[in-house]
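> Quick one, what's the 3D model for this:
(chains A and B, ligands or ions: 1)
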Amino acid sequence: MKYKVIFQPSGRRGEIEEGKTLREAAIELGVGIEQVCGGNKVCGKCKVQIQEGYFAKFDVHSSMNNLSPIGKEELRLLNEEEVKNNYRLACAARVQGDVLVFVPEESRVGGQIVRKAAGEINIELDPAVRKYYVELPPPTLEDPEGDYERLMRALKEQHGLEGLSMDYHALRALPLALREGKWKVTVTVWNDREIIGVEPGYNDRTLGIAFDVGTTTVVGYLTDINTGKVIAIDSMMNPQVSFGEDVMARITYAMEHEDGLQKMHEAIIGGINKIISNLCNKAQVGVEEISEIVLVGNTAMHHIYLNIYPEYLGVSPFTPAVHRSLDIKARDLNIKAAPGANVHVLPIEAGFVGADNMGVVVALEPEKKDDIWLIIDIGTNGEIVLGNKDKLLSTSCATGPAFEGAQITHGMRAAPGAIERVRIDPETKEPRYKVIGKEEWSDEVKSEARGICGSGIIEVVAEMFKAGIIKNSGVFNTKLDTPRIRKGENGQPEYVLAWADETAIGKDITVTQSDVRAVQLAKGALYTGCKILMKRYGIDAVDKVILAGAFGSYIDKEASMVIGMFPDCDLDKVVAVGNAAGDGARIALLNRRKREEANAVARRIKYIELTVDPDFQTEFMQAMYFPHMKDKFPHIQHILDKIPK
Amino acid sequence: MTEDKKQLLEEIRKAVIEFDEDRVKELANKWIELGYDANEAIFEGLAAGMEVVGDLFAKNEYFVPEVLMCADALYAGLDILRPHIKAEDKTETKGVVVIGTVEGDVHDIGKNLVKLMFEVAGFEVHDLGKDVPLEKFVEEQLKTDADLVCLSAMMTTTMPGMKKVIEMLRERNPNVKIMIGGAPVSEKTVEMYGADATGKDAASALEEAIKMVASLREMKRKKEI
Ligand code: B12
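Residues are numbered from 1 along each chain as shown, chains lettered A, B, ... in the order given. As a prediction, the model looks like this:
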């Protein structure tokens, strides 16, 4: 039996098999609903509201009775008022009749700010694809040699190119192109090896697209390969988000559904194609002009866009299907570009250190430096590279999604309304804060805040620590006399960052004891990763800390050091480099030697498995303190000294 | 009980709660020197302290670092006291437990905390460690005739392994009680996988375990009669 399910505000609707959850219905109908835990009823982020009554427009009688009864987990994650107002968890409520479902703003996927602009890069142009203009003598009865051989002869005479093969699709286009161009053609050659395209006449414009396929966001940079200039940028939320928020949830989806991998693969390829067509529209160029594509992504994204079964990445010992870089025809992946276009995929370092991290290394070149750099890419998975020209080590640590706003009571993505900056007066414990989308701070204008994003979470925890609201062990100081610190619903202490009447959600925005605990786990894992790499390297300080990744550009350096996300370092030597993974993809598009270097460096970087480090637990435990239980932070000692006792 | 003894116990308890490892050692040595019963110090001193710690942890007042430090203090005390346990006290256990983190998963901090609470409460615990091959749980259960098997998984990718273990266990020994836990595990998982219970933290894990083992023993006794 099938029933009608309608989602608002998107208006998407369809017939859904009885017994499916609303989350499954949302995936089927292409509605983006937050679901950090991958539908396991633990995160409580997929709250939806059921609209009851008869809706003529859709001809449905929607009722709470048309869903499976509310379960124990739901009651744990929904408060009384929500239950009264017909809220359910999309991952728990099962369809047993027609329903109209409203997806509230905070549960909606999308509307996120894309923080992945294209930085300046300096790179020598030596691209893998090159165009060559040739003029051929037309065939005659005396010289009836075939088109391909004739072209080869001309390429050898005019450009010294020998031994080229020809892509089958290019070959099919050859006879016509030669005659249409009156025996003058431009050929596209890939890696001095293969002719991948022929077009009549002269055309030296060579275009390519570098893609950074993130777990959450996908960005494409349409680039003029002859000049290195980015012509257009387009980005979107990774359409796989509806299958699970983090990589593990997606791997699990592939494991548990027979067509799971196929569906996610199609979703991401669809997304890539959409970006390609948007970019081509923006730049007024034809899709068939795209001669090459570079893809970077973490290991899970890598496997899924290549349609390779990812289960073995998700369980110990985390073996990827392949390390080295790959060159695949775009058409084999159903990616829309020139018929002979190639897709280059950067290599993978280790199970959880993917091609995106190689992009970072390609862009920053730590393997050529004297100074010892600590490069940290903060995401759900923290990827760390440490070293210089002598030696490079890497590791990955599962920070968890706390820094992305998940697992945090009022956490949200970096979208309008998210609190991103916080200051707390150490005397009065009164806060001021700033939300994304407003220039003024909360003491100047009604904030209309909706929640707290990752950079805001780091700042508020740092400020609470500096103001003595939480101790270095993370526990609340409940002896302070201010209405801002109170007992929350579950009896545990919380700090009110915004009162209900300032917000857009009509609720107090608080930071709870469990939120602080989640931050401790996340930052502790990151710090421990850095520390163990440093130990293995045999150093106790680094020359420079580089925060790679979009998130790194938005967090406050001082606040992140105050909570101890990474070891002490001169604050002037802590730099954010933006989306270095995307830069790496662009570099690989423009310089093929860098691709070879990437393969070589990837094999040289030694991956350190934290899992087997005997010191992990002790280090982790100490690193959960603010900023650390034992390690000293001389560069911020003056700040620590001011903390009220 | 003499005042001195009582006070000493209270101090041991406090030293565990305050994760003062040196103090615990000092007090344990003193206890032995005074010729008191080691078992009493373990249960009414160390374990009693750890119970409070479990409680503080459940209330989020203590977090992983504090609990681990308390555990260190507790184990330091145990090392001193254990050799002095009288032979007749050794046989008495609350129940036999097999515990481990399932294949593919090496997250064991949470599992270790659960194990600690079980040990403290007087269970005989067989810890298989982490990344444990699924069949190993069944073998160990049969070998030790454990009342309870505890499975831990922290990743959604390794969680399904627990289901397989449960199926294998049920096939071989329908009576054994099975608890599962770890961050991605919910009541729903218990139902779906056919386990008997879960616990969101170490303290509630212990609470559930005590209930289950008691009912299991009750059942066994009835059968014997
Ligand atoms: C520490 C940590 C690690 C350490 C583990 C060290 C160790 N010896 O345990 C290291 C660095 C090795 C690690 C590695 C990885 N990790 Co990790 N890790 C964490 C982290 C930060 C904390 C886990 C923890 O110790 N919590 C504290 C303990 C006390 O809590 P707990 O485990 O939940 O246990 C309590 C309860 O669950 C319950 N309980 C536990 N077991 C049982 C059993 C029973 C029977 C019962 C009743 C109760 C119960 O009681 C416990 C005590 O109260 C979490 C993130 C997070 N914020 O939780 C990620 C996390 C678990 N890791 C994750 C991942 C993906 C990995 C890696 C694959 C990634 C990587 N970067 O390499 C590897 C895989 C390693 C492997 N083979 O398993 C993910 C899993 C995501 C998912 N959807 O599955 C998490 C959630 C982070 C994330 N979102 O990305 N990790």
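> contacts and neighbour counts: CA atoms only from here.
Will do.
> State whether A:Ile376 is indeed within a strand.
Yes: counting by DSSP: H, G, I helix; E, B strand; the rest coil, A:Ile376 is part of a strand.
> Tell me the spatial nearest neighbour of A:Tyr433, not counting adjacent residues.
In space, and not counting its chain neighbours, A:Tyr433 is closest to A:Val422: 4.3 Å by Cα to Cα, 6 or more residues apart in numbering or on different chains.
> now that neighbour: how far from B:Met50?
To B:Met50, A:Val422 is 38 Å away according to Cα to Cα, to the nearest Å.
> shaky segments in chain B?
B:1, B:88-92, B:225 (pLDDT under 70).
> Which one's more surrounded, A:Val422 and B:Met50?
B:Met50 (27 against 23; other Cα atoms under 10 Å in any protein chain shown).
> contacting residues for A:Val422?
Residues near A:Val422 by Cα atoms under 8 Å, 6 or more residues apart in numbering or on different chains: A:431-434, A:456, A:459-460, A:463.
> What strands flank the host helix or strand of the residue nearest to A:Tyr433, and is each parallel or antiparallel?
If you go by DSSP states H and E, A:Val422 is part of strand A:418-424. Here strand A:418-424 has these sheet partners by DSSP bridges: strand A:431-435 (antiparallel), strand A:451-452 (parallel).
> Run the chain-centre distance for the first one.
Same thing as strand A:431-435. 26 Å (Cα atoms, centre = their mean, to the nearest Å).
> hmm, who's touching it?
Strand A:431-435 is touched from outside by A:416-425, A:440-443, A:447, A:449, A:497, with contacts defined as Cα under 8 Å, 6+ apart.
> switch the cut-off to 10 Å
A:414-425, A:440-445, A:447-453, A:456, A:459-460, A:463-464, A:484, A:496-498 (Cα atoms under 10 Å, 6 or more residues apart in numbering or on different chains).
> Please name the nearest non-neighbouring residue to the closest residue to chain A within chain B.
When scored by Cα to the nearest Cα, chain B has B:Gly104 as its residue closest to chain A, at 4.2 Å. In this structure, B:Gly104 finds its nearest non-sequential neighbour in A:Ser316, 4.2 Å apart by Cα to Cα, 6+ apart.
> What is the neighbour count of the one you found?
16.
> quick one: it and the ligand, what's the gap?
Applying Cα to the nearest ligand atom, to the nearest Å, the value for A:Ser316 to the ligand is 4 Å.
> And for A:Gly201?
Distance from A:Gly201 to the ligand, by Cα to the nearest ligand atom: 52 Å.
> List the buried residues of stretch A:91-111.
A:91-103, A:106-110 (16 or more other Cα atoms under 10 Å in any protein chain shown).
> can you dump the C-alpha coordinates of it into CSV?
Listed in CSV are the C-alpha atoms of stretch A:91-111, where the atom choice follows Å, rounded to 0.1, in the frame of the first residue of the first chain:
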residue,chain,number,x,y,z
CYS,A,91,14.1,9.0,10.9
ALA,A,92,11.7,7.4,13.4
ALA,A,93,8.1,8.2,12.2
ARG,A,94,6.9,5.6,9.7
VAL,A,95,4.2,6.3,7.0
GLN,A,96,0.9,4.6,7.7
GLY,A,97,-1.4,7.0,5.8
ASP,A,98,-1.3,10.4,4.1
VAL,A,99,0.7,13.1,5.7
LEU,A,100,1.8,16.7,5.2
VAL,A,101,5.2,17.3,6.7
PHE,A,102,6.7,20.7,7.5
VAL,A,103,10.5,20.8,7.6
PRO,A,104,11.4,23.6,10.0
GLU,A,105,14.3,25.9,9.1
GLU,A,106,16.7,24.4,11.6
SER,A,107,16.1,20.9,10.2
ARG,A,108,16.5,21.9,6.6
VAL,A,109,19.6,21.2,4.7
GLY,A,110,20.9,24.0,2.5
GLY,A,111,21.1,27.8,2.6
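> Which element, helix or strand, includes A:Ser396?
strand A:392-397.
> and that strand, what does it pack onto?
Other helices and strands packing on strand A:392-397, by 3 or more Cα pairs under 10 Å, 6 or more residues apart in numbering or on different chains; DSSP states H and E, are strand A:373-377, strand A:382-387, helix A:513-537, helix A:592-604, strand A:606-607.
> right, is it up against the ligand?
Yes: counting by Cα under 6 Å from any ligand atom, contacts between strand A:392-397 and the ligand involve A:396-397.
> Could you pull out the helices in the stretch 1-150 of chain A for me?
Secondary structure of the stretch 1-150 of chain A by DSSP state H, counting those that start in this stretch: the helices cover A:22-29, A:72-77, A:80-84, A:147-159.
> So which of those is the most surrounded?
helix A:22-29 (a mean of 21; mean count of other Cα atoms under 10 Å in any protein chain shown).
> What residue spans form the domains of chain A?
A:2-107, A:129-200, A:211-355, A:365-399+A:519-640, A:402-514 (automatic domain parsing).
> Can you redo these as a markdown table, where the extra columns are mean pLDDT?
Output for these, formatted as a markdown table (pLDDT from 0 to 100):
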| stretch | mean pLDDT |
| --- | --- |
| domain A:2-107 | 83 |
| domain A:129-200 | 93 |
| domain A:211-355 | 90 |
| domain A:365-399+A:519-640 | 91 |
| domain A:402-514 | 91 |
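> Relative to B:Phe137, which of those domains is closest?
With distances scored as Cα to Cα, the stretch of the domains of chain A nearest to B:Phe137 is domain A:211-355 (17.9 Å).
> Let's check: the centremost residue of chain A is which one?
A:Gly214 (3.0 Å; Cα atoms, centre = their mean).
> Verify the stated contact: A:Asp370 with A:Asp390.
Yes: with contact defined as Cα atoms under 10 Å, A:Asp370 counts as touching A:Asp390 (8.1 Å).
> Secondary structure element for A:Met248, which one?
If you go by DSSP H and E, A:Met248 is part of helix A:247-256.
> Alright, I will stop here.
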